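Colleague: coords please:
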Amino acid sequence: MPRSILSKETKKRVKEYKNADIVVGIPSYNNSRTIAHVIKAVSAGLAKHFAQYRCVIVNSDGGSNDGTLDIVKDTVVEDFSAILIEHPRYPVHKIVTPYHGIPGKGSAFHTIFEIASRLEAKACAVVDSDLRNITPEWVEGLLEPVVSHGFDFVAPLYQRHKYDGTITNSIVYPLTRALYGKRIRQPIGGEFGISKNLVSHFLKDKEIYTTDVARFGIDIWMTTTAVASGFKVCQSFLGAKIHDHKDPGADLSSMMVQVAGSVFNLMERYYAIWARVTHSDAVPEFGFKFEVSTDPVKVNLERMVEGFNQGISDLSTVWEKFLSPDVLTQLRKLAKSNILEFRFPKKLWVRIIYEFALAYHKSVISRHHILGSLTPLYLGRTAAFVNENLESTSVEVENEIERLCLEFEKQKPYFLSHFEKERL
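Modeller: Numbering: from 1, shown residues only. Presented below is the predicted three-dimensional model:
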């Protein structure tokens, strides 16, 4: 029998509760500033919308030393009547546990899934611990489609600042949409709802939790696995997501390697699925969409364009090993542009992403080096996106992203034909 990932104390707590209907997991690491608000919002959401169910909140912690665990243990909703909630039929229980294994969000999720499975929960949700604006309605949005409508996977749908989530907007969303044919707008959103059957499916792949997915790629792994394995998927509008933003041009090399590497790895695993997909379809949406304000995201155009130009200077000999000559010619021309006039055509960007994916597939050089060399190009594409959308509304920006997605779908046959040649 495989060794349990749960501590003796955690297994004892789980055994005491025997079973539950709903589990909400909150992974944490030094989140003392925000986690009390998250715990209160989740507790209130469960009491308000799922009062007839037995609910357990699981905090899976990665070794916090800032008092996070004490805050989780001590945080309660002191007056339900103040938020117009009658006393729930069942109390909301909490399990606070360290996770074991590779440090990262994936290992935290592994622990949460294991507890949900042992409790035989009908539905499970996970939410980030650094959220500043989560409300009780988020809990309803993530769980109601599972509990009442038979969905297996609920992805979040946010309204974000036009410069927030640029890796999602320029790579992860359009590429996964083109590959797997489902328009899940936030495939690495951080908050998800999951059915009992899908939790069991996630737990079967025990090896994945010993890889880099456990560190960095759990969100995209969950989304892709749910879609590729034929589970019933949807998305739920949660409003704005307010968390600690970063300049999209700052310190992105490691994140780029992690996220793109996860997407490309999954592409290898699910080739037989995505090779048959010829178009994309919308997925069912829940929640009332409304306009919300978002925090501004500061950008440093000069630094991004400089990073792109430095890449042209330093990495051309690397790119020559796998980028087409015409692509390299176009990139060198872009390096001569001034900052405010800098543009990076969608068609060129899509071709580059597909050629990077092919290089990764063929392992023409170290995969780590392939992924790392994408960063300057991403900076260039992001700088162009900022320039092109300085005066654009959120609706206009979303239309621009839609056009990028269609270009990914248009060029997919080129990618597939070259991918298949390497498999012969």
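Colleague: how about low-confidence regions in the stretch 251-400 of the chain?
Modeller: Counting by pLDDT under 70, the stretch 251-400 of the chain contains low-confidence residues at 251-253, 290-295.
Colleague: try 90
Modeller: 251-259, 288-300, 335-341, 390-391, 393-395 (pLDDT under 90).
Colleague: all strands for it, in order.
Modeller: Secondary structure of the stretch 251-400 of the chain (DSSP state E, counting those that start in this stretch): strands located at 285-286.
Colleague: again, but for the stretch 101-250 of the chain
Modeller: 123-126, 153-159, 192-195, 233-240.
Colleague: between the ones you listed, which one is nearest to residue 305?
Modeller: strand 153-159 (28.1 Å; Cβ to Cβ). In this view, the C-beta of every residue, glycine as well, is placed from N, C-alpha and C.
Colleague: The closest one to strand 233-240, inter-axis angle?
Modeller: Calculated by axes from the mean of the first three to the mean of the last three Cα atoms, to 10 degrees, strand 153-159 forms an angle of 30 degrees with strand 233-240.
Colleague: what's strand 153-159 packed up against?
Modeller: Here strand 153-159 touches helix 136-149, strand 192-195, helix 218-228, strand 233-240, going by 3 or more Cβ pairs under 8 Å, 6 or more residues apart in numbering; DSSP states H and E.
Colleague: picking that back up, output the strands of the stretch 101-250 of the chain in TSV, with mean neighbour count and mean pLDDT appended to each entry.
Modeller: Listed next are those as TSV, based on neighbours: other Cβ atoms under 10 Å; pLDDT from 0 to 100:
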stretch	mean neighbour count	mean pLDDT
strand 123-126	28	98
strand 153-159	23	94
strand 192-195	27	98
strand 233-240	22	94
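Colleague: Residue 393: which of those strands is closest?
Modeller: strand 153-159 (11.9 Å).
Colleague: now the angle between helix 136-149 and that closest one, please.
Modeller: Using the same axes, to 10 degrees: strand 153-159 against helix 136-149 is 150 degrees.
Colleague: then strand 153-159 to CSV, C-alphas only?
Modeller: What follows is strand 153-159 as a C-alpha-only set of coordinates in CSV (Å, rounded to 0.1, in the frame of the first residue of the first chain):
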residue,chain,number,x,y,z
PHE,A,153,-14.7,21.3,-13.3
VAL,A,154,-15.4,24.9,-12.7
ALA,A,155,-12.8,27.5,-13.9
PRO,A,156,-12.9,31.1,-12.7
LEU,A,157,-13.9,33.9,-15.0
TYR,A,158,-12.5,37.3,-13.8
GLN,A,159,-12.5,40.8,-14.9
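Colleague: so how far is it off the chain centroid?
Modeller: 10 Å (Cα atoms, centre = their mean, to the nearest Å).
Colleague: Check stretch 375-392 too.
Modeller: 21 Å.
Colleague: Report the backbone C-alpha coordinates of it in PDB.
Modeller: Coordinates of each C-alpha in stretch 375-392 appear next as PDB, following Å, rounded to 0.1, in the frame of the first residue of the first chain:
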ATOM      1  CA  THR A 375      11.400  35.500 -22.300                       C
ATOM      2  CA  PRO A 376      12.800  38.400 -24.500                       C
ATOM      3  CA  LEU A 377      10.300  37.600 -27.200                       C
ATOM      4  CA  TYR A 378       7.500  37.600 -24.700                       C
ATOM      5  CA  LEU A 379       8.700  41.000 -23.400                       C
ATOM      6  CA  GLY A 380       8.600  42.300 -27.000                       C
ATOM      7  CA  ARG A 381       5.100  41.000 -27.600                       C
ATOM      8  CA  THR A 382       3.900  42.500 -24.300                       C
ATOM      9  CA  ALA A 383       5.400  45.900 -25.000                       C
ATOM     10  CA  ALA A 384       3.600  45.900 -28.400                       C
ATOM     11  CA  PHE A 385       0.300  44.900 -26.700                       C
ATOM     12  CA  VAL A 386       0.700  47.800 -24.200                       C
ATOM     13  CA  ASN A 387       1.500  50.300 -27.100                       C
ATOM     14  CA  GLU A 388      -1.500  49.100 -29.100                       C
ATOM     15  CA  ASN A 389      -4.000  49.300 -26.200                       C
ATOM     16  CA  LEU A 390      -3.000  52.500 -24.400                       C
ATOM     17  CA  GLU A 391      -6.500  54.000 -24.900                       C
ATOM     18  CA  SER A 392      -8.400  50.700 -25.300                       C
END
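Colleague: Spell out for me which residue occupies the centre of the chain.
Modeller: In the chain, the C-alpha nearest the mean C-alpha coordinate belongs to residue 188, at 1.2 Å (Cα atoms, centre = their mean).
Colleague: which residue packs closest to it, ignoring adjacent ones?
Modeller: residue 219 (4.0 Å; Cβ to Cβ, 6 or more residues apart in numbering).
Colleague: Residue 192 versus the one you found, what's the distance?
Modeller: 8 Å (Cβ to Cβ, to the nearest Å).
Colleague: What mean pLDDT does the helix or strand containing residue 48 get?
Modeller: Remark: residue 48 resides in helix 35-49, with elements defined by DSSP states H and E. For helix 35-49, mean pLDDT is 93.
Colleague: what's the next secondary structure element after that helix?
Modeller: strand 55-61.
Colleague: tell me the angle of that following strand relative to helix 35-49?
Modeller: Using the same axes, to 10 degrees, strand 55-61 lies at 160 degrees relative to helix 35-49.
Colleague: quick one: buried residues of whichever helix or strand comes after strand 55-61?
Modeller: Using DSSP H and E, the next helix or strand after strand 55-61 towards the C-terminus is helix 68-74. Residues of helix 68-74 classed as buried: 68-69, 71-72 (neighbour count, 16 or more other Cβ atoms under 10 Å).
Colleague: pLDDT averaged over the helix or strand following helix 68-74 - what is it?
Modeller: For helix 68-74, the following helix or strand on the C-terminal side (DSSP H and E) is strand 93-98. Strand 93-98 shows a mean pLDDT of 88.
Colleague: what angle sits between strand 93-98 and strand 55-61?
Modeller: Using the same axes, to 10 degrees: strand 93-98 against strand 55-61 is 20 degrees.
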